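Enquirer: What shape does this take:
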Amino acid sequence: MIPAADLSGATRRSSDLSKHSAEVFAEAEDHPVTVTRRDGEALVLMSKREAEGRSRLLDFAAQLITVTLDDQGTLADRMAKVFPWMLALSPADRASCAQDLVDAARASFSTDQPHLAIAELTSWKETATAVAAGLGRTDLEWLDEDETVERP
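Expert: Below is the predicted model of the structure:
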């Protein structure tokens, strides 16, 4: 993973923060900004959304570590112990979910993009919730390609 000092998209001096605060804050909304100081350690300014994303990714990493420490069952079985909502999925979907979550986590960790893993986790959890609520059990009736439907 990239060291924290290299994560920021920009580096600014502390004087920039006082003289051009609106500009620095606007930058920090897009990506973390390292603020260097002559009298102390550099600080990183980021949006709350960015900080929460990193926190959620660390929580997810801790859960994945728990999965790897268990040696009983398949990856999907071990992940279902940590993420019980996976039990609403079919065995095949559980296996797909488990692999997708691991792949998304690896991508997030290697690119420092927390949203990749969090979006995958949220997507699968919402799918499991929909399945548990009974959605998707009815047969869909598809329209023929040649059939047009009038606009309401």
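Enquirer: what sits up against the lowest-mean-pLDDT helix or strand in the chain?
Expert: Ranking every helix and strand in the chain by mean pLDDT, DSSP states H and E puts helix 14-19 at the bottom, with a mean of 87. Contacts to helix 14-19, defined as CB atoms under 8 Å, 6 or more residues apart in numbering, come from residues 23-24, 35-38, 45. (Glycine included, C-beta is placed from N, CA and C.)
Enquirer: mind redoing it with 7 Å?
Expert: 24, 35-37 (CB atoms under 7 Å, 6 or more residues apart in numbering).
Enquirer: Now the element after it, going C-ward?
Expert: helix 21-30 (DSSP states H and E).
Enquirer: could you dump that following helix to CSV, C-alpha only?
Expert: Written as CSV, here are the backbone C-alpha positions of helix 21-30 (Å, rounded to 0.1, in the frame of the first residue of the first chain):
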residue,chain,number,x,y,z
SER,A,21,-7.9,28.9,2.7
ALA,A,22,-10.9,28.7,0.3
GLU,A,23,-8.6,27.3,-2.4
VAL,A,24,-6.9,24.8,-0.1
PHE,A,25,-10.3,23.7,1.3
ALA,A,26,-11.7,23.2,-2.2
GLU,A,27,-8.7,21.0,-3.0
ALA,A,28,-9.2,19.0,0.2
GLU,A,29,-12.8,18.3,-0.9
ASP,A,30,-11.4,16.5,-3.9
